[in-house]
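**Q** could you work out the structure for the sequence below:
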Amino acid sequence: MNDRRYFLKFLGLGLLTTQLAAINKRSLRVASPISPQPILKPPRLQIGDTVAVVSPATMIDKHQLKYVNLVLGQQKLKVKVATHVLDRYGYLAGKDIDRAADINAMFADDEVKALVTTTGGWGSSRILPLLDYNLIRKNPKIIIGYSDITALLLAIYARSGLVTFHGPFGTSPWNKFSVGYLKGILFEGKAMTLQPPTNIVETITGGKARGQLVGGNLSVLTAMVGSNFLPDSRGKILFVEEIREDVYRVDRMLTHLSLAGILQQLEGFVFAQCTRCLDEEDDFPTLTLWQVLLDHIRPLEIPAWYGTMIGHIRDKFTVPLGVEVEIDSDRGTIKMLETAVV
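**A** Presented below is the predicted three-dimensional model:
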């Protein structure tokens, strides 16, 4: 009996040691603290360039991939499909290591001039520790997407200094409005002014402000707080967008950004769109989204507004992360003070 107890105790310690070793091994994947990197702009796109199609998050099917090839071809671009674009692993587009390998490989591929993400959903944050940020900095290229791709855009900007782009997926509607801004910024290298229809602008606090522009999907950004993949918010202009969230959840996320000290460090704030965001549907008392924005943002006393063409909508701007902009919260404009590509 004593021998059996000793064996079980020994076995338990062995399993604990194995588990700790696994934890330590996983910890090696955690990125080291951010070292500030000079801002790096990718080369602009040209007709005939090859662009890579990658799936960093939720899976797509072959019919969606056919559409992506079609719309990119309509822009007179050649398409290179990454190896694991059609992979499936549950709701993900393949295993983490394979999705990350596609991105690393496409940044390393001299033929590829830009990376176009297929869709959002969920999964981008899972691959952040597996990306080679030194490789990315040595091979600067356009990468574009939105929603869950926010995690990639912010992490690459934070850890490599590369300007990234919040804009259409490959599976998005590539309509005249969206393509016009995409081509103006990515092909023609214009420093554009992003100006929405005036009737959708609701000023929270009037005024103008300047700073580097960062942002993306609110829930994805908030979930990155405390990690080594979120850019420093000091002096930044932050834009956020969201979809299908109850108002109390938006309240909770903005509260989290406030408690983390992020909102207090900003020079300006834009809540672009909260698409199909709902108040509680029962009779329980609720706040409106506008009340939540006033509670959290107006006390900051920085230029801020709600309403612009960014997010889960058909007509969308291409928005560069990392460039200097000037915002005017009375007009709802984001004016690029420099080009985003070279």
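
**Q** residue 290 against residue 202, yeah?
**A** Yes: using Cβ atoms under 8 Å, residue 290 is in contact with residue 202, at 7.2 Å. C-beta: built from backbone N, CA, C; applies to glycine.

**Q** quick check: neighbours shared by those two?
**A** residue 306 (Cβ atoms under 8 Å, 6 or more residues apart in numbering).

**Q** same question for stretch 217-227, mean pLDDT?
**A** Averaged over stretch 217-227, pLDDT sits at 98.

**Q** give me the residues contacting it.
**A** Under Cβ under 8 Å, 6+ apart, the answer for stretch 217-227 is 120, 124-125, 128, 146-148, 150-151, 154-155, 215, 230, 240-242, 245, 249-250, 253-254, 256-257, 260, 262, 311.

**Q** let's go with 6 Å and repeat that
**A** In this structure, residues lying in contact with stretch 217-227 by Cβ atoms under 6 Å, 6 or more residues apart in numbering are 147-148, 150-151, 230, 240, 242, 253, 256, 260.

**Q** paired strands for the strand or helix carrying residue 216, with orientation please.
**A** Using DSSP states H and E, residue 216 falls within strand 208-217. Applying DSSP bridges to the sheet, strand 208-217 is found paired with strand 237-243 (parallel), strand 324-328 (antiparallel).

**Q** what pairs with the next helix or strand after the shortest one, parallel or antiparallel?
**A** Following the chain from strand 324-328 toward its C-terminal end, the next helix or strand by DSSP H and E is strand 333-336. Paired with strand 333-336 in the same sheet, following DSSP bridges, are strand 193-194 (antiparallel), strand 324-328 (antiparallel).

**Q** ok, now which ones touch residue 270?
**A** Residue 270 neighbours (Cβ under 6 Å, 6+ apart): residue 239.

**Q** assign it to helix, strand or coil.
**A** Recorded secondary structure, residue 270: strand (DSSP: H, G, I helix; E, B strand; the rest coil).

**Q** quick one on the thing from earlier: is it possible to mark the buried ones in the contacts of stretch 217-227?
**A** Buried members of the contacts of stretch 217-227, scored by 16 or more other Cβ atoms under 10 Å, are 147-148, 150-151, 230, 240, 242, 253, 256.

**Q** quick one: buried residues of the strand holding residue 216?
**A** So, applying 16+ other Cβ under 10 Å, buried residues of strand 208-217: 209, 211-217.

**Q** reformat those residues as JSON lines; add distance to residue 175.
**A** Below are those laid out as JSON lines (distance: Cβ to Cβ, whole Å):
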{"residue": "209", "distance to residue 175": "31"}
{"residue": "211", "distance to residue 175": "30"}
{"residue": "212", "distance to residue 175": "29"}
{"residue": "213", "distance to residue 175": "23"}
{"residue": "214", "distance to residue 175": "26"}
{"residue": "215", "distance to residue 175": "23"}
{"residue": "216", "distance to residue 175": "21"}
{"residue": "217", "distance to residue 175": "21"}
